[in-house]
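Chemist: my questions concern the predicted model and sequence given below.
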Amino acid sequence: ILNVEQSPQSLHVQEGDSTNFTCSFPSSNFYALHWYRWETAKSPKALFVMTLNGDEKKKGRISATLNTKEGYSYLYIKGSQPEDSATYLCAFKGGNKLVFGAGTILRVKS
Amino acid sequence: DGGITQSPKYLFRKEGQNVTLSCEQNLNHDAMYWYRQDPGQGLRLIYYSQIVNDFQKGDIAEGYSVSREKKESFPLTVTSAQKNPTAFYLCASNRGGGAYGYTFGSGTRLTVV
């Protein structure tokens, strides 16, 4: 079974802080890397799908980068807001299956 | 609006019983997936289907069964052979392949009593 690691496990920041999380995945047989945001009592929502080494994606204050050669992706949130509080999941696709990390729990205090 | 509907939201099962979790999508997606979440762990793949009348085992398929008779529907049966069925179950769909994001349902929480 493929191993996808996310760090940190949880993070508490103040409103206005910028933050970032890491997703590590196997550097071989790469096909795609997904990021999802999962708010409490809601379903996970796709943020980004990245397929090329060096990809950078941005949606508002959230951005992500991808390094397939070394097997990591970073998710950045600029100027965190309380509504950014959620669990952020990354998932690696190397074959037929999408394998998820355990997630990073972000809590933003106002 | 298109989406995925999972039912029921909460389900209680007695030991030894089979139960079926419903998953319906109106997104016209080819592929559908079932994941299980346990505390502190990532979502783990139970079964997936890339096309009607075909499905594949995921990483933790033992004690589960599925069917895909219609494009819109992918029900999951948790059988009495599943030794630890208490968990949160998520259904997802996408157009197929890994380059498309998944759309998830809101989940079913199954508890064995």
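Modeler: That came through, no problem. Numbers count the residues shown, from 1 in each chain, chains lettered A, B, ... in the order given.
Chemist: show me what the least confident helix or strand in chain A by mean pLDDT is in contact with.
Modeler: Sorting the helices and strands of chain A by mean pLDDT, DSSP states H and E puts strand A:98-100 at the bottom, at a mean of 93. Defining contact as C-beta atoms under 8 Å, 6 or more residues apart in numbering or on different chains, one finds that strand A:98-100 is touched by A:1-2, A:4, A:34, A:89-93, B:33, B:35, B:42-45, B:98, B:102. Where C-beta positions appear, they are placed from N, C-alpha and C, glycine not excepted.
Chemist: distance from the chain centre to that strand, please.
Modeler: 12 Å (C-alpha atoms, centre = their mean, to the nearest Å).
Chemist: surely B:Gly42 is in contact with A:Glu5?
Modeler: No. Assessed by C-beta atoms under 8 Å, B:Gly42 is found out of contact with A:Glu5, at 9.5 Å.
Chemist: about what we covered before: which neighbours in the sheet does the least confident helix or strand of chain A have, and how are they oriented?
Modeler: strand A:86-93 (antiparallel) (DSSP bridges).
Chemist: quick one, what contacts A:Phe25?
Modeler: By C-beta under 8 Å, 6+ apart, the neighbours of A:Phe25 are A:2-5, A:33, A:71-73, A:90, A:92, A:94.
Chemist: and chain A, which of its residues are near chain B?
Modeler: A:1, A:4, A:31-32, A:34, A:36, A:42-46, A:49, A:51, A:89, A:91, A:93, A:96-103 (C-beta under 8 Å from any C-beta of the partner chain).
Chemist: which of those residues count as buried?
Modeler: A:4, A:32, A:34, A:36, A:43-44, A:46, A:49, A:89, A:91, A:93, A:97-103 (16 or more other C-beta atoms under 10 Å in any protein chain shown).
Chemist: any regions of chain A where pLDDT drops low?
Modeler: For chain A, residues meeting the criterion pLDDT under 70 lie at A:1.
Chemist: switch to 80 and redo it
Modeler: A:1-2 (pLDDT under 80).
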